[in-house]
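**Student:** 3D, please:
(one chain, ligands or ions: 2)
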Amino acid sequence: MTIVQSTVYEPLTEQKATALAVRLGLFRDGAPLVCREIGDGNLNLVFHIVDQETKQGVIIKQALPYAKVVGESWPLTLKRAVIESNALRTFASYVPQYVPNVYYSDESLAITVMEDLSRLQIARKGLIEGKTFPLLSRHIGEFIAKTAFYTSDFGMNQQEKKKLAQSFVNPELCKITEDLVFTDPFFDHDTNNFEDELRPDVETLWNDDRLRLEAAKLKRKFLTEADVLLHGDLHTGSIFASTDETKVIDPEFAFYGPIGFDLGQFFANLLLNALSRPDVERQPLFDHIDRTWDVFASIFSELWRTKSIETYAATPGLLDEVLRHAFIDAVGFAGCEVIRRTIGLAHVADLDGIEQKEARLAAKRHALRLGRRLIVERNELTGTDGFRRVFAETE
Ligand SMILES: Nc1ncnc2c1ncn2[C@@H]1O[C@H](COP(=O)(O)OP(=O)(O)O)[C@@H](O)[C@H]1O
Ligand SMILES: CSC[C@H]1O[C@H](OP(=O)(O)O)[C@H](O)[C@@H]1O
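**Tutor:** Numbering: from 1, shown residues only. Ligands and ions are numbered 1, 2, ... in the order given. Purely as a prediction, here's the structure:
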């Protein structure tokens with residue numbers, strides 16, 4: 001891994017990103033390069049530089065000193081770029097097949113230079129087009145199982161784990177999740193964003209004491225449980241996919257948190273896509289939820305049984321307890337994510353892209369009912385079948 005030191009931070013332009021790629025020796029001399037800024041996320045710049053002859057490309061991702069979606073009035077640490085490149089490297093040590101190669105990183109410029117994944121498609125976009133990505137859940141289940149196990153106190157030296165956890169202390173990015181996922185949508189907060197027609201439904205949510213208590217318990221878990229290294233924002237827009245390949249990108253929210261969080265975010269974004277589809281086209285999304293959990297539980301259990309370094313690992317009942325809590329938490333976290341993507345600051349194209357207004361509002365009302373039930377009834381869902389049942393009962 002090459003770490004390049006530059007002098008001072010400045011936001012790159014397409015020209016400067018190209019010059020940097022040349023300076024780094026990423027292209028042969030005289031290559032005809034074209035660079036485009038293609039960032040479509042909420043936070044960062046993403047430059048795609050391609051050699052027009054060989055069609056070889058690289059990505060230079062740069063953090064801005066503020067949240068792009070809001071503007072300079074929302075300052076945000078540049079350290080997130082270091083977290084992102086370190087998380088990609090850490091994940092690569094366990095599951096290299098599921099993350100892009102990181103070629104260079106430069107802390108002062110807040111950049112990560114990485115493999116160009118343009119041969120794949122962002123999973124959210126493909127799912128909206130009706131694609132199913134048959135291996136998506138197998139791959140994501142394995143990604144979560146291995147990264148969670150090997151970064152936990154059962155999979156790595158417990159002193160080393162504490163050092164690793166320290167290097168992933170990520171207060172500013174966690175605060176975004178604490179506010180936008182776990183708090184603001186449950187209160188009349190000015191970051192919320194929803195159509196006027198939804199106000200009665202949203203006010204019902206705000207006046208629901210039972211829901212607020214359960215959301216508070218989930219937030220407390222997020223704040224306090226330093227269990228495993230999480231991606232921290234594992235939605236379908238953070239995953240590139242094709243029929244046979246899957247790559248996870250964008251781990252700038254990485255931190256040590258509760259094991260069920262990444263699972264819950266992923267489940268929620270599959271559900272958000274299911275909400276946007278007609279009933280007869282939803283089955284592949286529920287199948288993905290089933291398979292993600294099954295693959296996760298089976299790989300995690302196998303690692304626990306064969307690779308655990310903790311004396312108590314073989315204690316009958318402990319693994320079952322860990323998996324049971326991971327599942328219950330994942331269901332609750334999924335509920336919070338479904339609600340915040342419907343009425344919070346950061347929406348998803350799956351729901352917002354439903355053109356016909358009445359259909360869009362109906363899907364969003366369904367999302368609010370579904371999210372609420374997942375949060376308050378998370379202890380009663382005995383398996384992933386419960387997602388189908390609650391989805392149907394809240395239609
Ligand atoms: N390694 C990559 N290869 C190709 N395109 C990428 C790569 N990383 C990011 N992108 C493009 O840039 C977009 C934004 O990237 P992302 O990491 O999600 O940014 P943000 O942190 O702002 O959300 C992605 O949706 C994708 O289109
Ligand atoms: C003001 S950040 C809102 C939202 O954006 C992040 O997603 P992404 O970087 O993938 O666009 C994250 O989900 C935050 O909650």
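**Student:** Where does Arg341 sit: helix, strand or coil?
**Tutor:** The local conformation at Arg341, judged by DSSP: H, G, I helix; E, B strand; the rest coil, is helix.
**Student:** count of neighbours near the residue lying closest to Leu381 once chain neighbours are set aside?
**Tutor:** Nearest residue to Leu381, sequence neighbours excluded (Cβ to Cβ, 6 or more residues apart in numbering): Val331, at 5.2 Å. C-beta coordinates here come from the backbone N, C-alpha and C atoms, glycine included. For Val331, the count of nearby residues is 27 (other Cβ atoms under 10 Å).
**Student:** tell me the phi and psi of Val331?
**Tutor:** In terms of degrees, to the nearest 10, the main-chain angles of Val331 are phi -60, psi -50.
**Student:** wait, it sits on Glu380?
**Tutor:** No: contact criterion Cβ atoms under 8 Å: Val331 and Glu380 do not qualify, at 9.3 Å.
**Student:** Can you work out which residues contact both of these two?
**Tutor:** Listed as contacting both Val331 and Glu380 by Cβ atoms under 8 Å, 6 or more residues apart in numbering are Gly386.
**Student:** where are the low-confidence patches of this structure?
**Tutor:** Counting by pLDDT under 70, the chain contains low-confidence residues at 1-7.
**Student:** how close does Glu393 sit to Arg372?
**Tutor:** To Arg372, Glu393 is 12 Å away according to Cβ to Cβ, to the nearest Å.
**Student:** Which residue of these two possesses the greater neighbour count?
**Tutor:** A count of neighbours by other Cβ under 10 Å puts Arg372 above the other of Glu393 and Arg372, at 22 against 10.
**Student:** A strand includes that one, no?
**Tutor:** No: when three-state DSSP is applied, Arg372 is found to be helix, with no strand at that position.
**Student:** What residues does the residue positioned nearest the centre of the chain make contact with?
**Tutor:** Against the mean C-alpha coordinate of the chain, by Cα atoms, centre = their mean, the closest residue is Leu234 at 1.5 Å. Counting by Cβ under 8 Å, 6+ apart, Leu234 makes contact with 140, 144, 248, 262, 265-266.
**Student:** Pick out whichever of the residues you listed sits closest to Arg389.
**Tutor:** Within the contacts of Leu234, the smallest distance to Arg389 is 19.4 Å, found for Phe266 (Cβ to Cβ).
**Student:** tell me the SS of the residue in the stretch 251-395 of the chain that ligand 2 sits nearest to?
**Tutor:** Nearest residue of the stretch 251-395 of the chain to ligand 2 (Cβ to the nearest ligand atom) works out as Ala346 at 3.8 Å. Under the three-state scheme (three-state DSSP), Ala346 adopts coil.
**Student:** Test my guess that it contacts Val181.
**Tutor:** No: assessed by Cβ under 8 Å, Ala346 is found out of contact with Val181, at 9.2 Å.
**Student:** can you pull out the helices in the chain?
**Tutor:** For the chain, the helices defined by DSSP state H occupy 14-23, 80-94, 123-128, 136-150, 158-167, 171-180, 199-206, 209-224, 260-275, 283-307, 318-343, 349-352, 357-376, 385-393.
**Student:** Count the residues that sit near the residue of the chain found nearest ligand 1.
**Tutor:** For the chain, the residue closest to ligand 1 is Gly41, as judged by Cβ to the nearest ligand atom, at 1.9 Å. Using other Cβ under 10 Å, the number of residues around Gly41 comes to 18.
**Student:** what does the stretch 151-300 of the chain put close to ligand 2?
**Tutor:** Contacts of the stretch 151-300 of the chain with ligand 2, taken as Cβ under 6 Å from any ligand atom, map to 176-177, 180, 233, 237-238, 250.
**Student:** For Val50, state which of those residues is nearest.
**Tutor:** Nearest to Val50 among those, with distances taken as Cβ to Cβ, is Asp250, at 20.6 Å.
**Student:** and the closest residue to that closest one other than its chain neighbours, what is it in contact with?
**Tutor:** Once flanking residues are discounted, Asp250 sits nearest to Ser238: 4.4 Å by Cβ to Cβ, 6+ apart. Contact partners of Ser238, counting by Cβ under 8 Å, 6+ apart, are 231, 248-251.
**Student:** Narrow the residues you listed to those in strands?
**Tutor:** In strands, defined here by DSSP state E, the members of these are Val248.
**Student:** farthest pair in the contacts of Ser238?
**Tutor:** Spatially, the most separated pair among these is His231 and Ile249, at 9.5 Å (Cβ to Cβ).
**Student:** on that earlier part again, could you pull up phi and psi at the residue of the stretch 251-395 of the chain closest to ligand 2?
**Tutor:** phi -110, psi 110.
**Student:** Give me the neighbour count for it.
**Tutor:** By other Cβ under 10 Å, 19 other residues sit near Ala346.
**Student:** Could you pull up the contacting residues of the residue nearest to it when sequence neighbours are not counted?
**Tutor:** With sequence-adjacent residues excluded and distances taken as Cβ to Cβ, 6+ apart, Ala346 is closest to Asn42, at 5.8 Å. Residues near Asn42 by Cβ under 8 Å, 6+ apart: 67-69, 346.
**Student:** buried subset of these?
**Tutor:** 67-68, 346 (16 or more other Cβ atoms under 10 Å).
**Student:** Make CSV from those and add distance to Asp209 to it.
**Tutor:** Listed next are the buried ones among the contacts of Asn42 as CSV, based on distance: Cβ to Cβ, whole Å:
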residue, distance to Asp209
Ala67, 32
Lys68, 36
Ala346, 26
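**Student:** just these now: which is nearest Lys79?
**Tutor:** Ala67 (14.0 Å).
**Student:** The closest one: what's it in contact with?
**Tutor:** Per Cβ under 8 Å, 6+ apart, neighbours of Ala67: 42-43, 74, 76, 176.
**Student:** Mind doing that once more with 7 Å?
**Tutor:** 42-43, 74, 76 (Cβ atoms under 7 Å, 6 or more residues apart in numbering).
**Student:** Name the member of these with the most neighbours.
**Tutor:** Highest neighbour count within the contacts of Ala67, by other Cβ under 10 Å: Leu43, with 23 neighbours.
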